[in-house]
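A.B. asks: Fold the following and give me the result.
(one chain, ligands or ions: 2)
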Amino acid sequence: TTTESQSGKVIITCAITGAIHTPSMTPYLPVTADEIARSAIEAAEAGAAILHLHARNPETGQPDQTPEAFAPILGRVKQATGAVINITTGGSPYMSVSERAAPAATYRPEIASLNMGSMNFGLYPMLSRFTEFKFDWERQHLEGSRDLVFRNSFQDIEYVLETCYGHGTRFEFECYDIAHLYNLAHFADRGLVKAPYFVQSVFGLLGGIGSHPEDVLHMKRTADRLFGDDYRWSVLGAGANQMRIATQAVALGGNVRVGLEDSIWAGKGELATSNAVQVRKARQLIEGLGLSVATPDEARDILALKG
Ligand code: KMH
Ligand code: ZN
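C.D. replies: Ligands and ions are numbered 1, 2, ... in the order given. As a prediction, this is how the structure comes out:
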(Lines give C-alpha, C1' and ligand atoms only; values in the text may rest on other atoms or scores of the structure.)
(Ligands and ions follow the chains in the order given, each with its own letter.)
Protein backbone atom coordinates (compact mmCIF):
# COMPACT_ATOMS: atom_id res chain seq x y z
CA THR A 1 0.00 0.00 0.00
CA THR A 2 1.02 3.62 -0.23
CA THR A 3 1.38 3.76 3.58
CA GLU A 4 3.98 0.99 3.74
CA SER A 5 6.00 2.25 0.81
CA GLN A 6 6.50 5.63 2.46
CA SER A 7 7.73 4.33 5.83
CA GLY A 8 5.92 6.96 7.87
CA LYS A 9 7.30 9.95 5.94
CA VAL A 10 4.74 12.40 4.65
CA ILE A 11 5.56 14.85 1.86
CA ILE A 12 4.22 18.38 2.25
CA THR A 13 3.88 20.31 -1.00
CA CYS A 14 3.24 24.03 -0.69
CA ALA A 15 1.54 25.82 -3.62
CA ILE A 16 2.60 29.41 -3.09
CA THR A 17 0.33 31.66 -5.16
CA GLY A 18 -1.43 29.90 -8.09
CA ALA A 19 -3.96 31.46 -10.42
CA ILE A 20 -7.25 31.08 -8.57
CA HIS A 21 -7.09 33.75 -5.90
CA THR A 22 -6.65 37.46 -6.59
CA PRO A 23 -4.88 40.23 -4.67
CA SER A 24 -8.08 41.88 -3.39
CA MET A 25 -9.14 38.66 -1.63
CA THR A 26 -6.26 38.71 0.82
CA PRO A 27 -3.34 41.04 1.51
CA TYR A 28 -1.17 37.96 2.16
CA LEU A 29 -1.18 36.58 -1.39
CA PRO A 30 2.40 36.84 -2.73
CA VAL A 31 2.45 38.75 -6.01
CA THR A 32 5.91 40.12 -6.88
CA ALA A 33 8.82 37.77 -7.62
CA ASP A 34 10.38 38.89 -4.37
CA GLU A 35 7.23 38.13 -2.35
CA ILE A 36 6.73 34.76 -4.05
CA ALA A 37 10.35 33.75 -3.46
CA ARG A 38 10.31 34.89 0.18
CA SER A 39 7.06 33.09 0.87
CA ALA A 40 8.37 29.91 -0.78
CA ILE A 41 11.58 30.00 1.23
CA GLU A 42 9.60 30.41 4.47
CA ALA A 43 7.37 27.49 3.48
CA ALA A 44 10.42 25.31 2.87
CA GLU A 45 11.87 26.32 6.23
CA ALA A 46 8.56 25.33 7.86
CA GLY A 47 8.73 21.83 6.33
CA ALA A 48 7.51 21.89 2.74
CA ALA A 49 9.66 19.47 0.71
CA ILE A 50 8.11 20.54 -2.61
CA LEU A 51 7.32 24.07 -3.78
CA HIS A 52 4.66 24.32 -6.50
CA LEU A 53 5.25 27.62 -8.28
CA HIS A 54 3.30 30.06 -10.44
CA ALA A 55 4.31 33.65 -11.27
CA ARG A 56 2.31 36.88 -11.40
CA ASN A 57 2.55 40.30 -12.94
CA PRO A 58 4.04 42.47 -10.17
CA GLU A 59 1.78 45.47 -10.90
CA THR A 60 -1.63 43.86 -11.36
CA GLY A 61 -1.19 40.49 -9.66
CA GLN A 62 -2.45 38.74 -12.80
CA PRO A 63 -1.06 35.24 -13.49
CA ASP A 64 2.02 35.55 -15.74
CA GLN A 65 3.22 32.37 -17.45
CA THR A 66 6.19 33.83 -19.36
CA PRO A 67 9.46 32.05 -18.58
CA GLU A 68 10.96 35.48 -17.74
CA ALA A 69 8.51 35.94 -14.89
CA PHE A 70 9.76 32.72 -13.27
CA ALA A 71 13.49 33.45 -13.56
CA PRO A 72 13.95 35.66 -10.47
CA ILE A 73 11.74 33.40 -8.36
CA LEU A 74 13.64 30.24 -9.30
CA GLY A 75 17.02 31.89 -8.80
CA ARG A 76 16.25 33.00 -5.27
CA VAL A 77 14.48 29.85 -4.15
CA LYS A 78 17.21 27.55 -5.45
CA GLN A 79 19.88 29.61 -3.78
CA ALA A 80 18.14 29.60 -0.38
CA THR A 81 16.60 26.10 -0.13
CA GLY A 82 17.16 22.50 -1.17
CA ALA A 83 13.43 22.07 -1.75
CA VAL A 84 12.13 20.29 -4.82
CA ILE A 85 10.94 22.79 -7.43
CA ASN A 86 7.61 22.06 -9.10
CA ILE A 87 6.67 24.41 -11.96
CA THR A 88 3.04 24.64 -13.03
CA THR A 89 1.95 23.70 -16.53
CA GLY A 90 -1.62 24.49 -15.49
CA GLY A 91 -0.87 28.21 -15.49
CA SER A 92 -4.37 29.64 -15.57
CA PRO A 93 -7.38 28.05 -17.30
CA TYR A 94 -7.52 31.21 -19.48
CA MET A 95 -4.14 30.38 -21.14
CA SER A 96 -3.24 28.17 -24.11
CA VAL A 97 -1.41 24.91 -23.47
CA SER A 98 1.77 26.03 -25.28
CA GLU A 99 1.89 29.15 -23.12
CA ARG A 100 1.31 26.99 -20.05
CA ALA A 101 4.11 24.53 -20.82
CA ALA A 102 6.80 27.12 -21.64
CA PRO A 103 8.27 27.73 -18.15
CA ALA A 104 8.64 24.01 -17.32
CA ALA A 105 10.09 23.33 -20.78
CA THR A 106 12.57 26.18 -20.28
CA TYR A 107 13.74 25.49 -16.72
CA ARG A 108 13.48 21.66 -16.63
CA PRO A 109 12.44 21.36 -12.98
CA GLU A 110 12.41 18.09 -11.04
CA ILE A 111 8.59 18.22 -11.13
CA ALA A 112 6.00 19.92 -13.34
CA SER A 113 2.27 19.73 -12.77
CA LEU A 114 0.19 17.93 -15.41
CA ASN A 115 -3.57 18.39 -15.43
CA MET A 116 -5.26 15.12 -16.34
CA GLY A 117 -8.55 16.15 -17.94
CA SER A 118 -10.81 18.91 -19.19
CA MET A 119 -13.43 20.31 -16.86
CA ASN A 120 -15.62 23.26 -16.00
CA PHE A 121 -13.72 25.58 -13.67
CA GLY A 122 -16.22 27.47 -11.55
CA LEU A 123 -14.65 30.31 -9.61
CA TYR A 124 -17.76 32.52 -9.70
CA PRO A 125 -19.17 31.34 -6.32
CA MET A 126 -16.41 33.50 -4.80
CA LEU A 127 -18.31 36.57 -6.08
CA SER A 128 -20.70 36.16 -3.15
CA ARG A 129 -17.86 36.50 -0.65
CA PHE A 130 -15.59 38.97 -2.40
CA THR A 131 -17.19 42.07 -3.84
CA GLU A 132 -14.55 44.80 -3.77
CA PHE A 133 -11.82 44.51 -6.39
CA LYS A 134 -8.85 46.76 -6.93
CA PHE A 135 -8.34 45.63 -10.56
CA ASP A 136 -10.96 45.01 -13.28
CA TRP A 137 -9.36 41.71 -14.29
CA GLU A 138 -10.17 40.22 -10.88
CA ARG A 139 -13.94 40.48 -11.32
CA GLN A 140 -13.68 39.30 -14.96
CA HIS A 141 -11.62 36.32 -13.81
CA LEU A 142 -14.46 35.20 -11.49
CA GLU A 143 -17.37 36.22 -13.77
CA GLY A 144 -15.74 34.63 -16.84
CA SER A 145 -15.61 31.26 -15.08
CA ARG A 146 -19.36 30.80 -15.66
CA ASP A 147 -18.36 29.90 -19.22
CA LEU A 148 -14.85 28.56 -18.62
CA VAL A 149 -13.60 25.15 -19.66
CA PHE A 150 -10.16 24.23 -18.32
CA ARG A 151 -9.00 22.48 -21.45
CA ASN A 152 -6.72 19.48 -21.05
CA SER A 153 -7.48 17.26 -24.04
CA PHE A 154 -5.55 14.03 -24.62
CA GLN A 155 -3.51 15.92 -27.20
CA ASP A 156 -2.79 18.73 -24.72
CA ILE A 157 -1.60 16.22 -22.14
CA GLU A 158 0.65 14.57 -24.73
CA TYR A 159 1.99 18.00 -25.67
CA VAL A 160 3.04 18.73 -22.09
CA LEU A 161 4.55 15.25 -21.74
CA GLU A 162 6.52 15.70 -24.96
CA THR A 163 7.83 19.17 -24.11
CA CYS A 164 8.96 18.21 -20.60
CA TYR A 165 9.73 14.50 -20.44
CA GLY A 166 13.05 14.50 -22.28
CA HIS A 167 14.50 16.69 -19.55
CA GLY A 168 14.02 14.15 -16.76
CA THR A 169 11.16 16.22 -15.34
CA ARG A 170 8.59 14.09 -13.52
CA PHE A 171 4.98 15.02 -12.90
CA GLU A 172 2.49 15.98 -10.26
CA PHE A 173 -0.61 14.50 -11.92
CA GLU A 174 -3.48 16.82 -10.99
CA CYS A 175 -6.62 14.70 -10.77
CA TYR A 176 -9.81 16.67 -10.13
CA ASP A 177 -12.13 13.75 -10.64
CA ILE A 178 -12.21 9.96 -10.88
CA ALA A 179 -12.05 10.10 -14.69
CA HIS A 180 -8.67 11.79 -14.44
CA LEU A 181 -7.26 8.68 -12.73
CA TYR A 182 -8.50 6.63 -15.68
CA ASN A 183 -6.86 9.12 -18.04
CA LEU A 184 -3.57 8.63 -16.19
CA ALA A 185 -4.01 4.84 -16.41
CA HIS A 186 -4.50 5.26 -20.16
CA PHE A 187 -1.19 7.13 -20.52
CA ALA A 188 0.47 4.48 -18.32
CA ASP A 189 -0.92 1.72 -20.58
CA ARG A 190 0.58 3.51 -23.58
CA GLY A 191 3.95 3.69 -21.81
CA LEU A 192 4.00 7.51 -21.93
CA VAL A 193 4.40 7.99 -18.14
CA LYS A 194 6.58 6.13 -15.68
CA ALA A 195 5.89 4.84 -12.16
CA PRO A 196 5.85 5.80 -9.38
CA TYR A 197 3.06 8.22 -10.34
CA PHE A 198 2.68 11.23 -8.05
CA VAL A 199 -1.10 11.65 -7.99
CA GLN A 200 -2.37 14.96 -6.63
CA SER A 201 -6.09 14.56 -5.95
CA VAL A 202 -7.94 17.87 -5.94
CA PHE A 203 -11.15 18.02 -3.92
CA GLY A 204 -13.87 20.65 -3.79
CA LEU A 205 -13.35 22.76 -6.91
CA LEU A 206 -16.66 23.50 -8.67
CA GLY A 207 -16.47 21.35 -11.81
CA GLY A 208 -14.52 18.55 -10.12
CA ILE A 209 -15.21 15.96 -7.43
CA GLY A 210 -16.65 17.17 -4.11
CA SER A 211 -14.96 17.18 -0.73
CA HIS A 212 -17.03 14.66 1.20
CA PRO A 213 -15.06 11.96 3.06
CA GLU A 214 -16.67 9.42 0.69
CA ASP A 215 -15.18 11.33 -2.26
CA VAL A 216 -11.72 11.08 -0.72
CA LEU A 217 -12.14 7.35 -0.09
CA HIS A 218 -13.47 6.71 -3.58
CA MET A 219 -10.49 8.53 -5.10
CA LYS A 220 -8.04 6.44 -3.04
CA ARG A 221 -9.79 3.15 -3.69
CA THR A 222 -9.86 3.80 -7.42
CA ALA A 223 -6.18 4.80 -7.49
CA ASP A 224 -5.29 1.70 -5.43
CA ARG A 225 -7.15 -0.49 -7.90
CA LEU A 226 -5.64 1.15 -11.00
CA PHE A 227 -2.07 1.68 -9.84
CA GLY A 228 -1.44 -0.62 -6.84
CA ASP A 229 2.02 0.11 -5.43
CA ASP A 230 2.94 2.18 -8.49
CA TYR A 231 1.66 5.50 -7.19
CA ARG A 232 2.20 7.98 -4.36
CA TRP A 233 -0.91 9.78 -3.28
CA SER A 234 -1.24 13.42 -2.28
CA VAL A 235 -4.37 15.46 -1.70
CA LEU A 236 -5.41 19.06 -1.71
CA GLY A 237 -8.71 20.37 -0.42
CA ALA A 238 -9.74 23.65 -2.04
CA GLY A 239 -10.80 26.45 0.27
CA ALA A 240 -11.96 25.93 3.82
CA ASN A 241 -11.83 22.12 3.53
CA GLN A 242 -8.06 22.13 3.24
CA MET A 243 -7.07 20.75 6.65
CA ARG A 244 -10.00 18.34 7.04
CA ILE A 245 -9.15 16.67 3.74
CA ALA A 246 -5.45 16.69 4.59
CA THR A 247 -6.16 14.97 7.91
CA GLN A 248 -8.26 12.24 6.33
CA ALA A 249 -5.69 11.59 3.62
CA VAL A 250 -2.70 11.52 5.97
CA ALA A 251 -4.57 9.04 8.18
CA LEU A 252 -5.03 6.90 5.05
CA GLY A 253 -1.31 7.00 4.19
CA GLY A 254 -1.34 9.96 1.82
CA ASN A 255 0.75 13.12 1.39
CA VAL A 256 -0.59 16.66 1.52
CA ARG A 257 -0.55 19.87 -0.43
CA VAL A 258 -1.29 23.18 1.25
CA GLY A 259 -0.65 26.79 0.29
CA LEU A 260 -2.43 30.00 -0.63
CA GLU A 261 -2.94 28.79 -4.22
CA ASP A 262 -5.64 26.43 -3.00
CA SER A 263 -6.89 28.07 0.21
CA ILE A 264 -6.40 31.52 1.68
CA TRP A 265 -7.68 30.37 5.10
CA ALA A 266 -6.07 29.39 8.38
CA GLY A 267 -9.33 28.72 10.21
CA LYS A 268 -12.99 29.65 10.05
CA GLY A 269 -13.14 33.23 8.72
CA GLU A 270 -9.45 33.68 9.52
CA LEU A 271 -7.09 34.51 6.67
CA ALA A 272 -3.76 32.68 6.59
CA THR A 273 -1.09 35.33 7.04
CA SER A 274 1.47 33.30 5.08
CA ASN A 275 2.07 30.03 3.30
CA ALA A 276 4.27 28.93 6.19
CA VAL A 277 1.28 29.14 8.56
CA GLN A 278 -0.48 26.42 6.58
CA VAL A 279 2.69 24.32 6.30
CA ARG A 280 3.05 24.45 10.09
CA LYS A 281 -0.56 23.32 10.49
CA ALA A 282 0.09 20.42 8.13
CA ARG A 283 3.22 19.50 10.06
CA GLN A 284 1.28 19.51 13.33
CA LEU A 285 -1.37 17.21 12.00
CA ILE A 286 1.21 14.81 10.52
CA GLU A 287 3.20 14.67 13.75
CA GLY A 288 -0.02 14.43 15.77
CA LEU A 289 -0.80 11.25 13.88
CA GLY A 290 2.60 9.79 14.84
CA LEU A 291 4.18 10.29 11.41
CA SER A 292 7.00 12.58 10.30
CA VAL A 293 7.52 15.15 7.61
CA ALA A 294 9.70 14.12 4.64
CA THR A 295 12.78 16.18 3.87
CA PRO A 296 13.34 17.25 0.26
CA ASP A 297 15.80 14.37 -0.25
CA GLU A 298 13.35 11.88 1.24
CA ALA A 299 10.71 13.24 -1.12
CA ARG A 300 13.16 12.78 -4.05
CA ASP A 301 13.59 9.18 -2.97
CA ILE A 302 9.87 8.49 -2.55
CA LEU A 303 9.02 10.04 -5.92
CA ALA A 304 12.12 8.82 -7.83
CA LEU A 305 13.11 12.35 -8.89
CA LYS A 306 16.28 13.18 -10.78
CA GLY A 307 17.68 15.11 -7.77
N1 KMH B 1 -4.79 25.12 -8.41
C2 KMH B 1 -4.93 23.71 -8.28
C3 KMH B 1 -6.33 23.30 -7.92
C4 KMH B 1 -1.60 23.60 -11.94
O5 KMH B 1 -0.95 24.54 -11.52
O6 KMH B 1 -1.20 22.81 -12.80
C7 KMH B 1 -4.40 22.92 -9.40
C8 KMH B 1 -3.07 23.32 -9.96
C9 KMH B 1 -2.99 23.34 -11.40
O10 KMH B 1 -2.13 23.55 -9.25
ZN1 ZN C 1 -0.92 25.36 -9.60
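A.B. asks: all contacts plus neighbour counts: C-alpha atoms, from now on.
C.D. replies: Noted.
A.B. asks: which secondary structure elements does whichever strand or helix holds residue 182 contact?
C.D. replies: Applying DSSP states H and E as the criterion places residue 182 in helix 178-189. On a contact count with 3 or more Cα pairs under 8 Å, 6 or more residues apart in numbering; DSSP states H and E, helix 178-189 meets helix 213-227.
A.B. asks: C-terminal to the helix it packs on, what's the next element?
C.D. replies: strand 231-237.
A.B. asks: so what strands line up beside that next one?
C.D. replies: strand 197-203 (parallel), strand 255-258 (parallel) (DSSP bridges).
A.B. asks: pLDDT of the last one, averaged?
C.D. replies: Strand 255-258 shows an average pLDDT of 98 in the prediction.
A.B. asks: From the chain's centroid, how far away is the following helix or strand past it?
C.D. replies: Moving toward the C-terminus from strand 255-258, the next helix or strand (DSSP H and E) is strand 265-267. Offset of strand 265-267 from its chain centre (Cα atoms, centre = their mean, to the nearest Å): 18 Å.
A.B. asks: ok, and what's touching strand 265-267?
C.D. replies: Defining contact as Cα atoms under 8 Å, 6 or more residues apart in numbering, one finds that strand 265-267 is touched by 239-240, 271-273, 277-278.
A.B. asks: Restricted to helices, list the residues you listed.
C.D. replies: Cross-referencing these against helices under DSSP state H gives 277-278.
A.B. asks: what sits against residue 282?
C.D. replies: Residue 282 neighbours (Cα under 8 Å, 6+ apart): 12, 243, 246, 256, 258.
A.B. asks: For residue 303, list the residues it contacts.
C.D. replies: 196-198, 232.
A.B. asks: Which one (most neighbours) among these?
C.D. replies: Using other Cα atoms under 10 Å as the neighbour test, the contacts of residue 303 are led by residue 232, with 27 neighbours.
A.B. asks: and the residue lying closest to that one once chain neighbours are set aside, what does it touch?
C.D. replies: Nearest in space to residue 232, with sequence neighbours left out and distances taken as Cα to Cα, 6 or more residues apart in numbering, is residue 198 at 4.9 Å. By Cα under 8 Å, 6+ apart, the residues touching residue 198 are 171-173, 231-234, 303.
A.B. asks: Find me the pLDDT at the residue of the stretch 51-200 of the chain found nearest ligand 1, would you?
C.D. replies: Residue of the stretch 51-200 of the chain nearest ligand 1, by Cα to the nearest ligand atom: residue 90 (3.2 Å). For residue 90, the model assigns a pLDDT of 98.
A.B. asks: How about the secondary structure of the residue lying farthest from the centre of the chain?
C.D. replies: In the chain, the greatest distance from the average C-alpha position (Cα atoms, centre = their mean) is reached by residue 132, at 26.9 Å. On the three-state scheme (DSSP: H, G, I helix; E, B strand; the rest coil), residue 132 is labelled coil.
A.B. asks: ok, it to residue 274 distance?
C.D. replies: Separation of residue 132 from residue 274 (Cα to Cα, to the nearest Å): 22 Å.
A.B. asks: And residue 52, by the same measure?
C.D. replies: Residue 52 is 15 Å from residue 274, where distance means Cα to Cα.
A.B. asks: Settle it for me: which of those two has more neighbours?
C.D. replies: Applying other Cα under 10 Å to residue 52 and residue 274 shows that residue 52 carries more neighbours, namely 25 against 22.
A.B. asks: Would you agree the more buried one is in contact with residue 16?
C.D. replies: Yes. Using Cα atoms under 8 Å, residue 52 is in contact with residue 16, at 6.5 Å.
A.B. asks: Can you name the residues of the stretch 201-307 of the chain that neighbour ligand 1?
C.D. replies: Contact residues (Cα under 6 Å from any ligand atom) of the stretch 201-307 of the chain with ligand 1: 202, 261-262.
A.B. asks: What does the pLDDT read for the residue lying closest to residue 54 once chain neighbours are set aside?
C.D. replies: Closest residue to residue 54 apart from its sequence neighbours, by Cα to Cα, 6+ apart: residue 18 at 5.3 Å. With respect to pLDDT, residue 18 scores 98.
A.B. asks: swap in the one 3 residues further on?
C.D. replies: Looking at residue 21, its pLDDT reads 98.
A.B. asks: quick one: contacts for the closest residue to it other than its chain neighbours?
C.D. replies: Of all residues not flanking residue 21 in the chain, residue 261 sits nearest, at 6.7 Å (Cα to Cα, 6+ apart). The contact partners of residue 261, taken as Cα under 8 Å, 6+ apart, are 15-21.
A.B. asks: Also near ligand 1: which of the residues you listed, exactly?
C.D. replies: Applying Cα under 6 Å from any ligand atom to the contacts of residue 261, one finds that residue 18 fall near ligand 1.
A.B. asks: Fine, thanks again, bye for now.
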